[in-house]
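Peer 1: structure for this input, please:
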Amino acid sequence: MTQLLQINTSLFAGQGQSSQLAEQFVAEWRAHHPDSRVTVRDLARDGVPHLDAGRFSAFTTAPEARNPEQQAVIAYSDALINELKAADVIVLGLPLYNFGVPSQLKAYFDHVARNGVSFRYTANGPEGLIKGKKAYVFAARGGLYAGTPLDTQTNYVRDFLRFIGIEDVEFVYAEGLNISAELKATALTKAQDEIHRLAA
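Peer 2: The predicted structure follows:
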């Protein structure tokens, strides 16, 4: 049995184009792997609080010294990390907002990057602790950015996932969605072809 974790980051929840691409991939994956199980975390419907001083302090306070409020913060973070650890495949829907990742995804990353839990520092540098996963990222964009300096997402997301131990990451791009109806149709067809290939 394969466990999938689908993370939607669009402001429009399941209606966002990136979420729809992720959903198409998951549906095709399940058609080819009927014993798979899927957990969906929608960051629009169930937003992750943005990191503040109190939450950061909870992460850095020794377990025995945490107050009840800090313990609740840790329990929430642990739940997010445990979802990642339980998954064999991570499916990430990723829109581009103002040249960056959605702020709700940044908040999610801030809660799953925990020293000693999802990564650790060693004499040879940081080591990710969430290993042996495959990640598929479905990046939907209004303009054309892949392979240009304005694509701030790809390296950031790939580097973050690598930092916590997820090194096998594949991107599927659907770009130019706001330029013209023709370009949108072409981009979505190309992305769907990639979905057929990857989910088989």
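
Peer 1: what's around the residue nearest to residue 86 when sequence neighbours are not counted, how many residues?
Peer 2: In this structure, residue 86 finds its nearest non-sequential neighbour in residue 3, 5.7 Å apart by C-beta to C-beta, 6 or more residues apart in numbering. C-beta coordinates here come from the backbone N, C-alpha and C atoms, glycine included. By other C-beta atoms under 10 Å, the residues close to residue 3 number 15.

Peer 1: who's residue 3 bridged to?
Peer 2: residue 37 (DSSP bridges).

Peer 1: tell me the contacts of it?
Peer 2: 36-39, 86-89 (C-beta atoms under 8 Å, 6 or more residues apart in numbering).

Peer 1: widest-spaced pair of the residues you listed?
Peer 2: 36 and 86 (12.9 Å; C-beta to C-beta).

Peer 1: more neighbours: which of these two?
Peer 2: The neighbour comparison of residue 36 against residue 86 (other C-beta under 10 Å) goes to residue 36, with 16 against 11.

Peer 1: confidence score at the closest residue to the more buried one other than its chain neighbours?
Peer 2: Computed as C-beta to C-beta, 6+ apart, the closest residue to residue 36 that is not its neighbour in sequence is residue 2, at 4.5 Å. If you check residue 2, the pLDDT there is 96.

Peer 1: residue 72 too?
Peer 2: 98.

Peer 1: do the same with residue 41
Peer 2: 98.

Peer 1: buried ones in the helix or strand harbouring it?
Peer 2: Assessed by DSSP states H and E, residue 41 sits inside strand 37-42. Residues of strand 37-42 classed as buried by neighbour count (16 or more other C-beta atoms under 10 Å): 38, 40-42.

Peer 1: which of those sits closest to residue 62?
Peer 2: Among the buried residues of strand 37-42, and counting by C-beta to C-beta, the member closest to residue 62 is residue 41, at 28.7 Å.

Peer 1: surely that closest one touches residue 5?
Peer 2: Yes: contact criterion C-beta atoms under 8 Å: residue 41 and residue 5 qualify, at 6.8 Å.

Peer 1: quick check: neighbours shared by the two?
Peer 2: residue 83.

Peer 1: run through the bridge partners of residue 134.
Peer 2: residue 89, residue 168.

Peer 1: should've said residue 115
Peer 2: residue 119.

Peer 1: that one and residue 121 touch, don't they?
Peer 2: Yes: using C-beta under 8 Å, residue 115 is in contact with residue 121, at 6.7 Å.

Peer 1: quick one on the thing from earlier: redo the buried residues of strand 37-42 as CSV? Include distance to residue 183.
Peer 2: Output for these, formatted as CSV (distance: C-beta to C-beta, whole Å):
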residue, distance to residue 183
38, 31
40, 29
41, 31
42, 28
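
Peer 1: residue 51: which of these is nearest?
Peer 2: residue 41 (17.5 Å).

Peer 1: not counting sequence-adjacent ones, nearest residue to that closest one?
Peer 2: residue 7 is the one closest to residue 41 (C-beta to C-beta, 6+ apart), at 5.1 Å.
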